[in-house]
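A.B. asks: Requesting a structural model of the entry that follows:
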Amino acid sequence: MKILGVLGSHQRDGVNGQLLDAVLAGVKPEDDVEVIFLNDYQILPDTGKANPVLDELEAKLLAADVWVLAAPTYWGAMSGVMKNFLDCVRQRLVRFNRAGDALPDRFKGKSYITISSCYASPAEELVTGVTDGTFRTFDKVLGAAGLLKIREVVQTKTYGLKTLSAQKQAECRQVGASIQSKAKRTDDTVKRYIQLFGMVACATLITMVLQQLVNLVLPISQFWLNYVSFVLIFFILLASVLHFFTVVKHRRH
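C.D. replies: Residues are numbered from 1 along each chain as shown. As a prediction, the model looks like this:
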């Protein structure tokens with residue numbers, strides 16, 4: 001298996017470079033691994049002229065089975081280095097129909113892992129989703145190209161951080177070790193139905209408990225009033241849970 005690391009940060013040996021290296025260190029010895037440091041290239045968009053840099057990067061992307069992309073989060077979005085790369089390679093990642101819709105093309109079926117980091121604390125990242133913008137951009141671009149997502153890796157509280165903790169390095173190596181099996185999985189439908197069932201079951205249980213507490217204060221014996229209160233409480237709970245897992249959908253540590 002060919003695995004390509006793409007680092008879109010200002011420093012090769014910074015936090016994101018270490019995260020990328022740690023993930024790649026976990027892959028199987030027989031896998032072919034290559035790393036691209038985007039700052040080593042002068043990446044410009046296609047303008048109708050020869051573009052040997054994009055030709056080279058495109059060839060590397062095509063040759064790889066799995067992409068591992070790493071970029072820090074600045075101001076709630078991915079680094080300009082990575083964003084510039086994705087913008088410039090846009091015309092090559094997808095094909096466009098007559099209406100201008102982007103459709104998967106030659107990269108369809110490949111897999112990817114995304115990595116990011118931020119200054120925020122784990123609690124702030126969990127509540128506010130500081131890195132959400134970065135991962136949404138990754139997913140939008142790579143999803144349009146037809147790639148399949150394997151995993152996300154997040155490093156929080158990076159201000160002043162020079163070296164990854166042993167725990168984080170071990171987590172990254174575990175992610176790298178899972179590439180072989182995860183890359184083969186193409187359908188998460190059953191898993192999503194199970195997750196949805198769990199959300200509905202939990203929301204129903206909590207609704208019933210809250211309704212009983214409400215009845216202790218304001219006894220309601222009329223059927224339709226009970227029904228209305230149940231629906232309102234259930235809707236608020238389920239909407240909150242779905243919003244949380246839709247917006248805060250990646251692991252944060």
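A.B. asks: From now on I want contacts and neighbour counts done on CA atoms only, so please keep to that.
C.D. replies: Noted.
A.B. asks: Need the contact partners of the one helix or strand residue 81 maps to.
C.D. replies: In this structure, residue 81 is located in helix 80-88 according to DSSP states H and E. Residues lying outside helix 80-88 but in contact with it, judged by Cα atoms under 8 Å, 6 or more residues apart in numbering, are 7-10, 38-39, 43-46, 71, 141.
A.B. asks: can you do 10 Å?
C.D. replies: With contact meaning Cα atoms under 10 Å, 6 or more residues apart in numbering, helix 80-88 is reached by 6-10, 37-39, 41-46, 54, 57, 69-74, 77, 89-90, 92-93, 134, 137-138, 141-142.
A.B. asks: Figure out how far it is from the centre of its chain.
C.D. replies: Computed by Cα atoms, centre = their mean, to the nearest Å, the chain-centroid distance of helix 80-88 equals 17 Å.
A.B. asks: quick one: the longest helix along the chain to chain centroid distance?
C.D. replies: Counting residues, the longest helix found in the chain (DSSP state H) is helix 189-217. Averaged C-alpha coordinates place helix 189-217 at 27 Å from its chain's average position (Cα atoms, centre = their mean).
A.B. asks: for stretch 131-140, same thing?
C.D. replies: For stretch 131-140, the distance to the chain centre is 6 Å (Cα atoms, centre = their mean).
A.B. asks: same question, stretch 211-221
C.D. replies: On the basis of Cα atoms, centre = their mean, stretch 211-221 is displaced by 43 Å from the centre of the chain it belongs to.
A.B. asks: got the buried residues for that stretch?
C.D. replies: Neighbour-count burial for stretch 211-221, with 16 or more other Cα atoms under 10 Å as criterion, is recorded at residue 211.
A.B. asks: Same question for stretch 27-34.
C.D. replies: Buried residues in stretch 27-34, defined by neighbour count with 16+ other Cα under 10 Å: 27, 33.
A.B. asks: Ok, stretch 109-128 next?
C.D. replies: Under the neighbour-count criterion of 16+ other Cα under 10 Å, stretch 109-128 has 109-122, 125-126 buried.
A.B. asks: Endpoint to endpoint, that stretch covers what distance?
C.D. replies: 32 Å (Cα to Cα, to the nearest Å).
A.B. asks: what's the distance between that stretch and the middle of its chain?
C.D. replies: On the basis of Cα atoms, centre = their mean, the separation between the geometric centre of stretch 109-128 and that of its chain is 7 Å.
A.B. asks: Now that stretch: average pLDDT?
C.D. replies: Averaging the model's pLDDT scores along stretch 109-128 yields 93.
A.B. asks: what's the answer for stretch 12-26, then?
C.D. replies: In this model, stretch 12-26 has a mean pLDDT of 96.
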